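Peer 1: got a sequence here, can you model it:
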Amino acid sequence: MRQSLFVYGTLRSDHTHPVARHLHSAAEHVGEGWAQGVLYDLGSYPGAIFDEGESARIRGEVFAFSANGKLLDTLDRYEGLASEHPFGDYERLSVSVRLGSGHGTRHGTGFGTGRRIEAWAYALVFPRGPRVASGDWLEHAGPDSFSQP
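Peer 2: The predicted structure follows:
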């Protein structure tokens, strides 16, 4: 059985962090996608609150992988899940993701025309920090934010 993961920040394909590289080598890159919700700037990384009733959208990427591997355990540790860490900021939950760039027909399939899937995503337990108006961490933080020394 295969599972999907929606990533919107330091796990995106442009990132060179060792955990991101592990994800990219262990999973199949399905493509760009977006989910309804709000993206927050937490400094050197983003956080998201997913909400089907929210008009704002979070842009990211979808990866698919085998459900019987240990990839999710590795990613859960990296994200510091609240269930595992007393002061953890994130929880892993299933979200509805629309495949395609979500930036209109010039950049891809646009809003509303891509296939909808369910995917795991890491969400903030509580909203905090300034909102990222574009919903796109790479656009907001710039390409240098994806460099690993």
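Peer 1: Three-state assignment for D76, please.
Peer 2: Classification of D76 into helix, strand or coil gives helix, according to DSSP: H, G, I helix; E, B strand; the rest coil.
Peer 1: and it, what does it touch?
Peer 2: D76 makes contact with E84, R92, according to C-beta atoms under 8 Å, 6 or more residues apart in numbering. No exception for glycine: its C-beta is placed from N, CA and C like everyone else's.
Peer 1: and what of the one 5 residues further on?
Peer 2: By C-beta under 8 Å, 6+ apart, the contact list for L81 reads G88, Y90, E91, R92, Y122.
Peer 1: tell me, how many residues neighbour W137?
Peer 2: 28 (other C-beta atoms under 10 Å).
Peer 1: just how off-centre is stretch 54-72 within its chain?
Peer 2: Centroid separation for stretch 54-72 versus its chain: 6 Å, with C-alpha atoms, centre = their mean, to the nearest Å.
Peer 1: quick one: end-to-end distance for that stretch.
Peer 2: Distance between the two ends of stretch 54-72: 27 Å, counting by C-alpha to C-alpha, to the nearest Å.
Peer 1: cool, and stretch 40-59?
Peer 2: The first and final residues of stretch 40-59 sit 12 Å from each other (C-alpha to C-alpha).
Peer 1: in it, what's buried?
Peer 2: Using 16 or more other C-beta atoms under 10 Å as the test for burial, stretch 40-59 gives Y40, D41, Y45, P46, G47, A48, I49, F50, D51, R57, I58, R59.
Peer 1: farthest pair within those?
Peer 2: For the buried residues of stretch 40-59, the farthest-apart pair by C-beta to C-beta is Y45 and D51; their separation is 20.1 Å.
Peer 1: export the buried residues of stretch 40-59 as TSV, with columns for distance to N68 and secondary structure.
Peer 2: As requested, the buried residues of stretch 40-59 are exported to TSV (distance: C-beta to C-beta, whole Å; DSSP: H, G, I helix; E, B strand; the rest coil):
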residue	distance to N68	secondary structure
Y40	33	strand
D41	36	strand
Y45	29	coil
P46	30	strand
G47	29	strand
A48	27	strand
I49	30	strand
F50	26	strand
D51	31	coil
R57	32	strand
I58	28	strand
R59	30	strand
